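Trainee: got a sequence here, can you model it:
(chains A and B)
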Amino acid sequence: MSDNATPPPAANDPHHPHAPHAPDATAIRDAVRSRSTSAEAIVAAHLRRIDTANPTLNAFHEVFRDESLARARDIDERIERGSEVGPLAGVPIAIKDNIATQLGRTTCSSRILENYRSPFDATVIERLLAAGAIIVGKTNLDEFAMGSSTEHCAWGAVKNPWDPARVPGGSSGGSAAAVAANLAAAALGSDTGGSIRQPAALCGCVGLKPTYGRVSRYGLVAFGSSLDQIGPLTRSVRDAALMLGAITGIDPRDSTSADKPTEDFCAGLDDAPRSLRIGVPSAYMSSANDPDVNRVVEEAIDLYRRHGATIVPVELPLTDHGISIYYVIAPAEACSNLARFDGIRYGHRAAPRAGQDQGSLFDLYARSRAEGFGAEVQRRIMLGTYVLSSGYYDAYYGRALRVRRLVKNEFDTAFESCDVILGPTSPTPAFLAGANSDPLAMYLCDVYTVNTNIAGICGISLPGGFVERDGRTLPIGVQLQAPAFEERRLLRIARIFERERSDCFRVAAMA
Amino acid sequence: MSSESLSFEAVAHVARLARLELSKEQIEALRTQLEGVLEHVAKIKSVNIDGIEPMAYPFETTNRLAEDEIAPPMPIEHLLLNAPATEGRFLAVPKVLAESE
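Mentor: Predicted coordinates for the structure are as follows:
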């Protein structure tokens, strides 16, 4: 690399801040299948690393120790017998705790679901298990996936493995930290406005937000139903392709799941794309970004240019309106979805007031919800209720839905002249814990990710470079966005970057 | 609406609509925070939306009807494991109607 600011790390230097590359999910699967290692040994090694690192990171709420080892032994036996074991055989996977699993609890990092045990598995869980994956545990998140730092959690914040003084991003911060610290080979997160891609960027992993409808949302605790998507956090582009292939497909239990055939996204991943036009919106290279973020994005543009890409300036003038649209639509949908938490059928119920045998039903709802929801969730419920309330609906919600269509039209126009859009994932590298205590400042972290969800297209964050801060090395993410259902294109173009910058695709060295 | 100022009473009203029992201090803090967010959100008022249809979902979706087939339901005992209060096979709740009504 020509850039002095990001020297390629010396793998043989024990004092270098980067740990060597850890094997990715694909490599683990291949090793397990060929019996050069066992699934049991792989899982045991991950459990040991969880024991060491999780007390610092707080990435996992719950670890399925015995169940994972038992399942690994079962996979090993099936391989020994020559049975079919699936494309994720023996791969330890972490699951964001807003995805329903029959194993353990499903808490959404909320007191209101502290003891909730799902009576069913999410469709993505059924599919991962059918593919031979081993679910090692449930990961911490911003309560109900509302946040960009994984600090708003009922049972403590998650720390960034690259620097525990900093946040891992959010809301899938536990999943990102688990993958970055090699506590899981891959993870599932959910992305409503950037909640997979932004923590992936801040933790130096690959984070893929599939097209709206690509992956079934059945069993994902709903936040913003027209925005939510489940997607993978991984250590390599091929793992993102592998995981996506395992979880996609129409689901009769989610009527918004797209009627698209399941695909092998790994096939042809290394083939040159038919066309390589990289769109760069001027609005993304803002002077308000951290200068090192802009440097890393410029380096990525140069990389693609050297690779023969045509760099196309595109205009996305509504970029800055994304946060405004999002903070009307997402809270509006959230306050409707969270109305189900009322202390009646499941979840936290407030105790009767002292001296009263039982209050009114209204009283029970209002106290159960006040006790069960954290401050950020209450804020969003209030915001959503306000923008939907009589007299304000047209001014906020109705208008936001119209500007939403304009955002989608703007992307459609941009994609007429380019194949993917490149830019930063987050305007800054990982920030210090507590730094964004003002809600609006936190919301603005998602300026480059929310519009992907608003338009329903797909996007991926790749580890694009590093920066030194306070004597620590921090990763910086680069984002690619592609039109709806063009994940294959997105992954192929991402793979070009990965081949050239394999130095960026590493796990964090824990101090 | 030229300004995004909210009264204490307006925020307290929204809290009732949202079924959240909040203290005076919480309502006052939320009043300031919501004003800040709404002031930012108000920027979309500058976007020309003449003739633009609202977009509630990313794609035009049509209703998909399932086959009219009986599927096994989840066992009631299983579902009641999460219930905060039960009486037999039922959920226990406070009286919905007052004695005098």
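
Trainee: lowest confidence element among the helices and strands of the chain?
Mentor: In the absence of a named chain, chain A is used. helix A:439-443 (a mean of 89; mean pLDDT, DSSP states H and E).

Trainee: meant chain B actually
Mentor: helix B:76-80 (a mean of 90).

Trainee: where does chain A dip in pLDDT?
Mentor: Per-residue confidence for chain A (pLDDT under 70) gives these ranges: A:1-20, A:357-358, A:510-511.

Trainee: can you check chain B too?
Mentor: Chain B contains residues with pLDDT under 70 at B:1-3, B:98-101.

Trainee: most proximal residue of it with respect to chain A?
Mentor: residue B:58 (2.3 Å; CB to the nearest CB). For the C-beta atoms, the positions are set from N, CA and C on the backbone; glycine is no exception.

Trainee: list the residues that contact that residue.
Mentor: Counting by CB atoms under 8 Å, 6 or more residues apart in numbering or on different chains, residue B:58 touches A:212-213, A:226, A:408, A:455-457, A:484.

Trainee: and the residue nearest in space to the middle of chain B, how far from residue A:382?
Mentor: Against the mean C-alpha coordinate of chain B, by CA atoms, centre = their mean, the closest residue is residue B:18 at 6.2 Å. Look at residue B:18 and residue A:382: by CB to CB, to the nearest Å, they are 6 Å apart.

Trainee: equivalent analysis for residue A:498, please.
Mentor: Distance of residue A:498 to residue A:382, computed by CB to CB: 43 Å.

Trainee: the more surrounded of these two?
Mentor: residue A:382 (26 against 19; other CB atoms under 10 Å in any protein chain shown).

Trainee: mind checking which helix or strand that one is in?
Mentor: Residue A:382 belongs to helix A:375-388 when assigned by DSSP states H and E.

Trainee: that helix packs against which elements?
Mentor: Here helix A:375-388 touches helix A:322-337, helix B:8-17, helix B:24-41, going by 3 or more CB pairs under 8 Å, 6 or more residues apart in numbering or on different chains; DSSP states H and E.

Trainee: now render the ones you listed as JSON lines, adding distance to residue A:257 and mean neighbour count.
Mentor: What follows is the helices and strands packed on helix A:375-388, written out as JSON lines (distance: least, CB to CB, whole Å; neighbours: other CB atoms under 10 Å in any protein chain shown):
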{"stretch": "helix A:322-337", "distance to residue A:257": "17", "mean neighbour count": "25"}
{"stretch": "helix B:8-17", "distance to residue A:257": "32", "mean neighbour count": "17"}
{"stretch": "helix B:24-41", "distance to residue A:257": "31", "mean neighbour count": "17"}
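
Trainee: compare those and report which one is nearest to residue A:450.
Mentor: Evaluated over the helices and strands packed on helix A:375-388, closeness to residue A:450 peaks at helix A:322-337, with 4.2 Å, by CB to CB.

Trainee: is chain B contacted by that closest one?
Mentor: Yes - applying CB under 8 Å from any CB of the partner chain, one finds helix A:322-337 touching chain B at A:323-325, A:327-328, A:335.

Trainee: same deal with stretch A:112-121?
Mentor: Yes - Stretch A:112-121 comes into contact with chain B (CB under 8 Å from any CB), by way of A:115-117, A:119-120.

Trainee: give me the buried subset of those.
Mentor: Buried members of the residues of stretch A:112-121 next to chain B, scored by 16 or more other CB atoms under 10 Å in any protein chain shown, are A:116-117.

Trainee: let me have the residues of stretch A:112-121 next to chain B in TSV, adding secondary structure and distance to residue A:464 as columns.
Mentor: Below are the residues of stretch A:112-121 next to chain B laid out as TSV (DSSP: H, G, I helix; E, B strand; the rest coil; distance: CB to CB, whole Å):
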residue	secondary structure	distance to residue A:464
A:115	coil	41
A:116	coil	38
A:117	coil	40
A:119	coil	42
A:120	coil	39
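
Trainee: looking at the residues of stretch A:112-121 next to chain B, which is nearest residue B:37?
Mentor: Taking CB to CB as the measure, residue B:37 sits nearest to residue A:116 out of the residues of stretch A:112-121 next to chain B, at 29.3 Å.

Trainee: hang on, isn't that closest one packed against residue B:82?
Mentor: Yes - with contact defined as CB atoms under 8 Å, residue A:116 counts as touching residue B:82 (5.7 Å).

Trainee: how much space separates the residue in the stretch 151-300 of chain A that chain B sits nearest to from residue A:258?
Mentor: In the stretch 151-300 of chain A, the residue that lies nearest chain B is residue A:212 (4.5 Å; CB to the nearest CB). Look at residue A:212 and residue A:258: by CB to CB, they are 8 Å apart.

Trainee: same check on residue B:43?
Mentor: Distance of residue B:43 to residue A:258, given as CB to CB: 32 Å.

Trainee: what does residue B:30 give?
Mentor: Going from residue B:30 to residue A:258 by CB to CB gives 38 Å.

Trainee: do residue B:13 as well
Mentor: Relative to residue A:258, residue B:13 is positioned 40 Å away (CB to CB).

Trainee: swap in residue A:75?
Mentor: Where residue A:258 is concerned, residue A:75 sits at a distance of 31 Å (CB to CB).

Trainee: okay, these two: which has more neighbours?
Mentor: Taking neighbours as other CB under 10 Å, residue A:75 and residue A:258 compare with residue A:75 leading, 26 against 20.

Trainee: which residues sit in contact with that one?
Mentor: Residue A:75 makes contact with A:32, A:39, A:85, A:89-90, A:132, A:134 under the criterion CB under 8 Å, 6+ apart.

Trainee: go through those residues and flag which are in helices.
Mentor: Per DSSP state H, helices hold the following members of the contacts of residue A:75: A:32, A:39.

Trainee: ok, so of the contacts of residue A:75, who is nearest residue A:346?
Mentor: residue A:134 (27.9 Å).

Trainee: neighbours around the closest one, how many?
Mentor: Residues lying near residue A:134 (other CB under 10 Å) number 29.

Trainee: please apply the same query to residue A:285.
Mentor: Residue A:285 is flanked by 15 other residues according to other CB under 10 Å.

Trainee: name the SS class of the closest residue to it other than its chain neighbours, please.
Mentor: Closest residue to residue A:285 apart from its sequence neighbours, by CB to CB, 6 or more residues apart in numbering or on different chains: residue A:294 at 5.9 Å. Three-state call for residue A:294 (DSSP: H, G, I helix; E, B strand; the rest coil): helix.

Trainee: tell me, what residue is most central in chain A?
Mentor: In chain A, the residue lying closest to the centroid (CA atoms, centre = their mean) is residue A:196, at 1.7 Å.

Trainee: touching, that residue and residue A:189? I think so.
Mentor: Yes - under the criterion of CB under 8 Å, residue A:196 makes contact with residue A:189 at 4.2 Å.

Trainee: tell me, what's touching these two both at once?
Mentor: Counting by CB under 8 Å, 6+ apart, the shared contacts of residue A:196 and residue A:189 are A:172, A:175, A:207, A:231-233.

Trainee: tell me which entries of those residues lie within helices.
Mentor: residue A:175.

Trainee: report the contact partners of residue A:96.
Mentor: By CB under 8 Å, 6+ apart, residue A:96 lies in contact with A:138-139, A:141, A:145, A:172, A:174-175, A:187-190.

Trainee: kindly recompute the last result at 6 Å.
Mentor: A:139, A:141, A:172, A:175, A:188-190 (CB atoms under 6 Å, 6 or more residues apart in numbering or on different chains).
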